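# Need coordinates for the below:
(one chain, ligands or ions: 1)
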Amino acid sequence: MKQILWFRRDLRVSNSALLHYAKNEVLPIFIFDKNILDSLPKDDRRVTFIYDSVLKLKKSLKTLGLDLAIFYDEPIKVFEKLKNEFDEVLCSVDFDSYAIKRDKEVEKLLPLRRFNDSFILNPNEHLKSDGTPYKVFTPFYKSLNLITEASSIEEYKLNENIRLSSFAYDNTPSIKELGFEKQELPSFLYKDAKSLLEEFLLKIESYQEDRDYFYKDATSKLSAHLRFGLISAKEIFNIVKKSNVNNYEFFIRELFWREFYNYILFHFPNSEKENFNGIKIEWNKDEEDFKKWCEGKTGVPIIDAAMIHLNQTGLMHNRLRMIVSSFLTKNLFIDWRKGEEYFALKLLDYEASSNIGSWQWSSSTGADAAPYFRIFNPYTQSSKFDKEGIFIKSVIKELKDVDARLFHTENALSSNLFFDYPKAMVDISLSRKRAIELFKKAKDESL
Ligand SMILES: Cc1cc2nc3c(=O)[nH]c(=O)nc-3n(C[C@H](O)[C@H](O)[C@H](O)COP(=O)(O)OP(=O)(O)OC[C@H]3O[C@@H](n4cnc5c(N)ncnc54)[C@H](O)[C@@H]3O)c2cc1C
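You can find the predicted model right below:
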């Protein structure tokens, strides 16, 4: 038996389904997929992060007596070359539409054995008693009591009886050969996932209380590592449970939001592009409005700071994601798909199911979504979660000496003669009223 171990979003050697189920002779591979890379901007930070992570994986595999062949090509072309020499491909599941299409093509050449290695749950399991999938998070989460309350979840152990297939392992393309410039990353991304988790365990007790204050460093910052499988969600779960810390339950619950959105995308693949709840909405198609949101030129300080920070770093705190997505879909009444696509382009931790699920949540079109009449007021949000304007000042340096109260009152900055700040592009209460009316109409018409 000769197997290809195709690493994709599981770039680790510990708790690895591929290294557990591998037997006899193996060729571990990673493919920098031309179909994906060729459409990305050349300064995309994620490519630097993935590139570094792939090299670390190669190094870790070498310590196990294995190695990693790294390709820059279309997956189908790689497997066309390998198909006659190997019997099957082992890989982890991936449910977004491109991945499903790509895997179907590869399967025509070689049998593909997929493992549920990027998530804790197998979405095929955990259905309601009537055999249909859950659509609401709380009952879904409650149904998982046996798992969430367990002291640990079984991890995959390495099969030590595998041997490396001979291959030209040294032909690793440089990042330049992939067509990208190496980018400076936020400093925490240079740390390994387990160190980040260790640091987070020291503050996990106040996570529930502090996690919404976006100027604080109160969350785990593990999402990008999770996205590329540098650590598995099972390992995080087990380390937290073993750590003797208090008040970790809320954090575990958040990990299962990630599971929930993956479960929803698996069972409802149309939700990648269509409103989950089926309502039809006539969105505002004004491209200038959308551009102002993307560039952080809305005239609403908290929205502008969050978007500028995203554009500069690829990062955005969860609370800020909720505020800017509510502003786009409710106050500007722009289609959630536009925001989802923009986040997909920019976020370092971009993950299709969490991004789609969260955008549909914010726009009140999704599974277990925010009710359409609950619309964030961005000024109230900034006054509640960044009273002193610490985050806003850290991003918009020209505002560093401004009295923070001006950030939390509509148009207070633009009316101040000392600053050149634009007037807010929409009136918050009028746009809120308009969104509620239009959502109500859309809901009534879809009954
Ligand atoms: C509009 C919008 C878009 C989003 N897009 C993404 C995305 O593309 N990729 C992504 O990983 N998360 C996304 N999220 C969820 C969330 O914002 C991030 O997971 C979180 O900010 C990552 O920071 P952290 O690792 O410090 O999280 P922590 O608060 O430390 O949480 C730990 C882990 O739990 C998971 N998690 C936490 N909150 C959520 C959530 N609401 N939904 C799903 N998983 C969650 C993440 O894997 C996270 O790493 C989005 C949220 C919104 C509102």
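# where exactly do the strands run in the stretch 151-300 of the chain?
Along the stretch 151-300 of the chain, counting by DSSP state E, counting those that start in this stretch, strands occupy 162-164.
# In the stretch 101-250 of the chain, what residue spans correspond to helices?
With DSSP state H, counting those that start in this stretch, the ranges of helices along the stretch 101-250 of the chain come out as 137-142, 145-148, 193-201, 207-210, 223-227, 233-242, 249-267.
# Now the last one: buried residues?
The neighbour-count criterion (16 or more other C-beta atoms under 10 Å) identifies 251-252, 255-267 as the buried residues of helix 249-267. To be clear about C-beta, it is placed using only N, CA and C from the backbone, and glycine gets the same treatment.
# try the second one
Buried positions in helix 145-148, judged by neighbour count with 16+ other C-beta under 10 Å: 147-148.
# Which other helices and strands does that helix contact?
On a contact count with 3 or more C-beta pairs under 8 Å, 6 or more residues apart in numbering; DSSP states H and E, helix 145-148 meets helix 249-267.
# how many degrees apart are the helix it packs on and helix 193-201 in direction?
130 degrees (axes from the mean of the first three to the mean of the last three C-alpha atoms, to 10 degrees).
# Run through the residues that contact Thr409.
Tyr379 (C-beta atoms under 8 Å, 6 or more residues apart in numbering).
# same deal with Leu201?
239-240, 243, 245.
# could you redo the last one with a cut-off of 7 Å?
Neighbouring residues of Leu201 by C-beta atoms under 7 Å, 6 or more residues apart in numbering: 243, 245.
# same check, this time on Val26
Going by C-beta under 7 Å, 6+ apart, the list of residues near Val26 reads 3, 5, 162, 164-165.
# and it, bridged to which residues?
Gln3, Leu164 (DSSP bridges).
# how close does it sit to Phe86?
9 Å (C-beta to C-beta, to the nearest Å).
# try Lys285
49 Å.
# quick one: which of the two has more around it?
Phe86 (19 against 11; other C-beta atoms under 10 Å).
# residue contacts, the more buried one?
Counted by C-beta under 7 Å, 6+ apart, Phe86 has contacts 2-4, 27, 110.
# Out of those, which is nearest to the ligand?
Within the contacts of Phe86, proximity to the ligand (C-beta to the nearest ligand atom) peaks at Ile4, which comes in at 27.9 Å.
# Spit out the contact partners of that closest one.
27, 29, 82, 86, 89.
# Which of these has the largest number of neighbours?
Val89 (25 neighbours).
# Okay, and the beta partners of that residue?
Residues in beta-bridge contact with Val89 (DSSP bridges): Ile4, Leu112.
# Surely it and Leu109 touch.
No. Using C-beta atoms under 7 Å, Val89 is not in contact with Leu109; the gap is 8.8 Å.
# circling back to that earlier point, farthest pair in the contacts of Phe86?
Within those, Leu27 and Leu110 form the most distant pair, 11.6 Å apart (C-beta to C-beta).
# Name the residues of the stretch 301-447 of the chain found near the ligand, please.
Counting by C-beta under 6 Å from any ligand atom, the stretch 301-447 of the chain comes close to the ligand at 318, 321-322, 325, 343, 347, 349-351, 354-355, 358-359, 362.
# For the stretch 151-300 of the chain, which residues are neighbours of the ligand?
So far as C-beta under 6 Å from any ligand atom goes, the stretch 151-300 of the chain lies against the ligand at 211, 219-223, 226-227, 254-255, 257-258, 261.
# Phe418: which of the helices of the stretch 101-250 of the chain is closest?
Closest approach to Phe418 among the helices of the stretch 101-250 of the chain is made by helix 207-210 (33.5 Å; C-beta to C-beta).
# What is the closest one packed up against?
helix 249-267 (3 or more C-beta pairs under 7 Å, 6 or more residues apart in numbering; DSSP states H and E).
# Centre of the chain to the helix it packs on, how far?
When distances are taken as C-alpha atoms, centre = their mean, to the nearest Å, helix 249-267 is centred 12 Å away from the chain's centroid.
# contacting residues around that helix?
By C-beta under 7 Å, 6+ apart, the residues outside helix 249-267 that reach it are 95, 119-121, 123, 133, 137, 140-141, 144, 148, 204, 207-208, 233, 236-237, 240, 271-272, 352-354, 356-357, 367.
# how many other residues sit next to the nearest residue to Asn116 once chain neighbours are set aside?
Using C-beta to C-beta, 6 or more residues apart in numbering and skipping the chain neighbours, the partner closest in space to Asn116 is Asn122 (4.6 Å). Neighbourhood size, Asn122 [other C-beta under 10 Å]: 12.
# Same check on Ser358?
If we define neighbours as other C-beta under 10 Å, then Ser358 has 22 of them.
# Which ChimeraX command selects the buried ones in the residues of the stretch 301-447 of the chain next to the ligand?
Applying 16+ other C-beta under 10 Å to these, the buried members can be selected in ChimeraX as follows:
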select :321,322,325,343,347,349,350,351,354,355,358,359,362
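# Tell me who's in contact with Ser271.
Counting by C-beta under 7 Å, 6+ apart, Ser271 has contacts 264-265, 356, 360.
# One more pass at 8 Å, please.
Taking C-beta under 8 Å, 6+ apart as the test, what Ser271 contacts is 264-265, 356-357, 360, 366-367.
# Against Ser383, how distant is it?
For Ser271, the distance to Ser383 - C-beta to C-beta - is 34 Å.
# Could you do Lys441 as well?
32 Å.
# Looking at these two, which has the bigger crowd around it?
Between Lys441 and Ser383, counting by other C-beta under 10 Å, Ser383 is the more crowded of the two (17 against 13).
# rewinding a little: and for Val89 and Leu109, which residues touch both?
Phe79.
# Most widely separated two among the contacts of Val26?
Gln3 and Leu164 (11.4 Å).
# Lovely, talk soon.
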